[in-house]
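>>> Return atomic coordinates for the entry below.
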Amino acid sequence: MSLSAKDLVNDTLELVSLPSAVMRAMELLNHPDSSASDIGEIIAEDPALTTRLLKIVNSAFYGFPSRIDTVSRAITIVGTLELTDLVVGSSAIDVFAKLPDPLVNLQSFWEHSLYTGIVARLLSRHLRAPNTERCFIMGLLHDIGSLVMYQQQPELSRRALEAARDKSLPLPSAERDIFGFDHGEVGAQLMRCWNLPAGFLETARYHHQPSAAECYRLETATIHLADVISGMAHGTASGTGQAAALEPGAWELAGLTVDIMEPVVAEADAQFQEACAALLPRSRAA
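Okay, here's the model as predicted:
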């Protein structure tokens, strides 16, 4: 039987659907007649989501000077787009945490993803990008397709992980050999079903090959560099021990130079524990 990324996502979508409040907020965000207060009201209808969101924005990772007690206040301070992205990212972590343990250590997976998000945000600040928080969430979710593959096809995924580890292959190459597609394609398909913005789909799909991106090449190159840096400085999501391969020309594509890597890593290290405490479940933040 021939597999496709779409098949894998469709088979698991019922298990990994975002909360209805998140989906409705995303719909409103793309509606020209909606307001920030409309989005805030929808998020506030979900008590668990509201509690998690307020915990994050009041964390040391964000470091706002005064306490934020309501979603409407959070939108005023953080911004509508940024807060909605943050809701998506935190909800994705929560959704996958409820599934049975996959082939890899979930703690290591999300720590790599979170470190990648932190580095992506720092790189985007060097670029003076208009929305550094969106790069943060793109980095956080860049490998999420892997979790779908682990859940739906554990044996094939195990073969891909073993091939990557034993033959020193890049994981996407091993996945394409065995599945005919890689986790980037699966992640993009999942994000399409979640109705996430096109930039999320493209950075997920091409984060190992940013030169192939069509409309969001700068963002994709930023996530690619963040993924490579995270694998070198902190560890990989898959546990294969091999950092993602740097695509030639990626630094130039992002408009950055390699000499910023050392200070970015130092700053990411300084922020990492606070980010874990804010975004990851308590058992994974230690």
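>>> how's the protein carved up into domains?
With domains defined by automatic domain parsing, the chain comprises 5-16+99-284, 19-83.
>>> How much space separates residue 167 from residue 173?
9 Å (C-beta to C-beta, to the nearest Å). Where C-beta positions appear, they are placed from N, C-alpha and C, glycine not excepted.
>>> and these two? which has more neighbours close in?
residue 173 (16 against 10; other C-beta atoms under 10 Å).
>>> if we can go back for a sec, any chance of the domains of the chain in CSV, with distance to residue 93 and mean pLDDT too?
Shown next, in CSV, are the domains of the chain (distance: least, C-beta to C-beta, whole Å; pLDDT from 0 to 100):
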stretch, distance to residue 93, mean pLDDT
domain 5-16+99-284, 6, 91
domain 19-83, 9, 91
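>>> got a markdown table for the ones you listed, with distance to residue 92 too?
A markdown table is the format used below for the domains of the chain (distance: least, C-beta to C-beta, whole Å):
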| stretch | distance to residue 92 |
| --- | --- |
| domain 5-16+99-284 | 6 |
| domain 19-83 | 9 |
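>>> Looking at these, spot the one closest to residue 91.
Closest to residue 91 of those is domain 19-83 (C-beta to C-beta; 5.0 Å).
>>> Just the terminal-to-terminal distance for the closest one.
In terms of C-alpha to C-alpha, to the nearest Å, the two terminal residues of domain 19-83 are separated by 15 Å.
>>> Please determine how far residue 136 is located from residue 184.
19 Å.
>>> Also residue 269?
Applying C-beta to C-beta to residue 269 and residue 184 gives a distance of 27 Å.
>>> which one of the two has more residues nearby?
Set residue 269 next to residue 184 and count neighbours by other C-beta under 10 Å: residue 184 wins out with 26 against 13.
>>> which stretch of helix or strand covers the more buried one?
Taking DSSP states H and E as the definition, one finds residue 184 inside helix 183-193.
>>> Show me what that helix is packed against.
helix 5-12, helix 144-152, helix 171-179, helix 198-205 (3 or more C-beta pairs under 8 Å, 6 or more residues apart in numbering; DSSP states H and E).
>>> Flag every buried residue along the helix or strand that the last one is followed by.
Tracing the chain C-terminally past helix 198-205 and defining elements by DSSP H and E, one meets helix 217-233 next. When burial is assessed from 16 or more other C-beta atoms under 10 Å, helix 217-233 yields the following buried residues: 217-231, 233.
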